[in-house]
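>>> give me the fold of what follows.
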Amino acid sequence: MMLEEFEKRTGYFPTMEEYAAIEKAYMEFSGDKDAFCKAYKKNEDGIAERIQREVNMQHINAQSEAERAQKAMEERIAELEKALEREQEWRPYEDTDNVQQAVIPWSGYLCPICRGGKRKEAQGRESSPSKNPGGRRRRLRRDPFAPI
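Just a heads-up that it's a prediction; the model follows:
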């Protein structure tokens with residue numbers, strides 16, 4: 001039986017969920033279309049109530065399933081927010097491919113380029129006139145990294 005036939009025979013306009021339950025009950029019914037529609041209108045053997053109860057249970061089950069899914073999603077969101085918070089916490093950053101912050105090439109500190117000893121400019125400032133040939137100190141260019 002089609003939806004339009006059921007509507008003409010009973011005068012009731014069911015929703016699609018209700019009609020699916022009506023169709024299922026009609027397939028289980030032993031009579032023809034007219035007998036089913038008369039039984040539905042008179043609620044013989046509680047057929048209309050049974051159909052409506054089945055539809056209501058489907059709605060209740062769908063609603064409880066949606067609530068469970070929503071609760072699960074809210075829990076997942078809380079977990080992800082905590083993980084994001086942990087990931088975004090501030091911590092010092094050291095790039096292994098870059099010069100480490102502890103070894104900035106200031107005058108007198110270890111040179112990051114030659115990996116040892118003092119920088120040449122620092123060595124030149126510390127050199128005495130006895131080590132320089134000619135007895136004069138070399139004049140060095142100003143180091144842009146040197147403290148003032």
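
>>> quick one, helices of this structure?
3-10, 16-28, 33-42, 47-87, 120-126 (DSSP state H).

>>> make TSV out of the ones you listed and add distance to Asp95, mean neighbour count and mean pLDDT.
All C-beta atoms are positioned from the backbone trio N, CA, C, and that covers glycine. Conversion of the helices of the chain to TSV gives the following (distance: least, CB to CB, whole Å; neighbours: other CB atoms under 10 Å; pLDDT from 0 to 100):
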stretch	distance to Asp95	mean neighbour count	mean pLDDT
helix 3-10	69	14	92
helix 16-28	61	15	94
helix 33-42	77	16	93
helix 47-87	18	11	95
helix 120-126	25	15	52
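
>>> with adjacent residues omitted, what lies nearest to Asn43?
Glu49 (6.2 Å; CB to CB, 6 or more residues apart in numbering).

>>> hang on, the earlier thing: can I get the helices of the chain in TSV with distance to Asn98?
Output for the helices of the chain, formatted as TSV (distance: least, CB to CB, whole Å):
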stretch	distance to Asn98
helix 3-10	73
helix 16-28	65
helix 33-42	81
helix 47-87	22
helix 120-126	22
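
>>> what's the closest of those to Phe145?
helix 120-126 (9.4 Å; CB to CB).

>>> what about the residue nearest to Asn43, distance to Ala21?
From Glu49 across to Ala21, the span is 12 Å (CB to CB, to the nearest Å).

>>> just Lys38 next, same as before
Distance from Lys38 to Ala21, by CB to CB: 18 Å.

>>> over to Pro14?
Computed as CB to CB, the Pro14 to Ala21 distance reads 8 Å.

>>> do the same with Asp32
Distance from Asp32 to Ala21, by CB to CB: 19 Å.

>>> and Glu81, by the same measure?
Glu81 is 42 Å from Ala21, by CB to CB.
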